[in-house]
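> Compute the structure for the input listed below.
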Amino acid sequence: MIRFENVTKTFVMDGKRKTVMQDVSMTFPSGCSVGLLGRNGAGKSTLLKMIAGTEPVTSGKISSTGSISWPVGFAGSFHPELSGAQNCRFIGRIYGVDTDELIAFVEDFAGIGVHFHLPLKTYSSGMKSRLAFGTSMGIAFDTYLVDEITAVGDAAFRSRSDALFKQRMRDAGSVVVSHSMGQIRQLCDAVVILEDGHLTFHDDVDRGIREHEQNMKRMG
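Got it, this is the predicted structure:
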């Protein structure tokens, strides 16, 4: 469960105020996969960061039950001087999981061979993405945050990634940001639309997508 209580989030840039959320109160149910939709610049990524606790609210409160992931596939917190294995061990310690099990899982899943034990700064972007996705999926969270995940690698790896993510979703919830309505339909049980600083919850995914598309047409 993720609960927003009178949440407001504003930024001041170049003397101008931008409001991402305005006095929002809403609850995302436990174990529910929620698609977060909104136009470009509406603040979807900022909302995910607020849920993760890495971006403070301006006022109000966001509370949650259970563990929440960092955005799936995000490699920005990995240290470039550490190897893939060392990064996994560091992250495993932070989240209190068995580090040897996490390393073994990620090494097998990412499939980057000897590079797993070389510094991250030597990785290609595809290797980093494989490592980041594998590490995200190697820890069992109650809620996964997904910000525009794109599968990398060959067809076999993309198929394994898709199957693993669906497996995790059987026992967890998620908040998914995606421009692919097919992905939203495939992964989500409900849709939340962020528009003009307000959230609208739809337990009918298709109805939520239709409203989002109507908003996009009006903006266009």
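
> From now on I want contacts and neighbour counts done on CA atoms only, so please keep to that.
Noted.

> excluding its backbone neighbours, what's nearest residue 216?
In space, and not counting its chain neighbours, residue 216 is closest to residue 39: 6.5 Å by C-alpha to C-alpha, 6 or more residues apart in numbering.

> beta partners of residue 13?
Note on residue 13: beta-bridge partners by DSSP bridges are residue 16.

> how close does it sit to residue 211?
Going from residue 13 to residue 211 by C-alpha to C-alpha, to the nearest Å gives 30 Å.

> neighbour-wise, which of those two wins?
residue 211 (15 against 8; other C-alpha atoms under 10 Å).

> Checking that one next. Helix, strand or coil?
helix (DSSP: H, G, I helix; E, B strand; the rest coil).

> if I look at it, how far off is residue 40?
Remark: distance between residue 211 and residue 40 (C-alpha to C-alpha) = 15 Å.

> same check, this time on residue 33
In terms of C-alpha to C-alpha, residue 33 sits 21 Å off from residue 40.

> Looking at those two, which is more packed in?
Neighbour count, other C-alpha under 10 Å: between residue 33 and residue 40, residue 33 has more, with 24 against 10.

> Residue 2 pairs with what?
residue 28, residue 64.

> my read: it touches residue 33, true?
No: taking C-alpha atoms under 8 Å as the definition, residue 2 is not a contact partner of residue 33, at 11.6 Å.

> per the record, what domains does this protein have?
2-67+176-219, 75-171 (automatic domain parsing).

> Quick check, residue 121 in contact with residue 81.
Yes: with contacts counted by C-alpha under 8 Å, residue 121 reaches residue 81, the gap being 6.4 Å.

> after the lowest-mean-pLDDT helix or strand in the chain, next one along is what?
Among the helices and strands of the chain, helix 155-169 carries the lowest confidence by mean pLDDT, DSSP states H and E, at a mean of 84. Using DSSP states H and E, the helix or strand that follows helix 155-169 in sequence is strand 173-177.

> ok, and what's touching that following strand?
30-37, 44-45, 48, 142-148, 184, 188 (C-alpha atoms under 8 Å, 6 or more residues apart in numbering).

> Next step: the residues you listed restricted to strands.
If you go by DSSP state E, those have 33-37, 143-147 in strands.

> Only the buried residues of the least confident helix or strand of the chain, if you could.
Applying a neighbour-count criterion of 16 or more other C-alpha atoms under 10 Å, one finds 157, 161, 165, 168-169 buried in helix 155-169.

> same deal with stretch 107-117?
In stretch 107-117, counting by 16+ other C-alpha under 10 Å, buried: 107, 109-112, 115-116.

> can you put those in CSV and add pLDDT, distance to residue 180 and secondary structure?
Formatted as CSV, the buried residues of stretch 107-117 follow (pLDDT from 0 to 100; distance: C-alpha to C-alpha, whole Å; DSSP: H, G, I helix; E, B strand; the rest coil):
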residue, pLDDT, distance to residue 180, secondary structure
107, 97, 29, helix
109, 93, 25, helix
110, 92, 24, helix
111, 92, 27, coil
112, 94, 28, coil
115, 97, 32, helix
116, 98, 31, helix
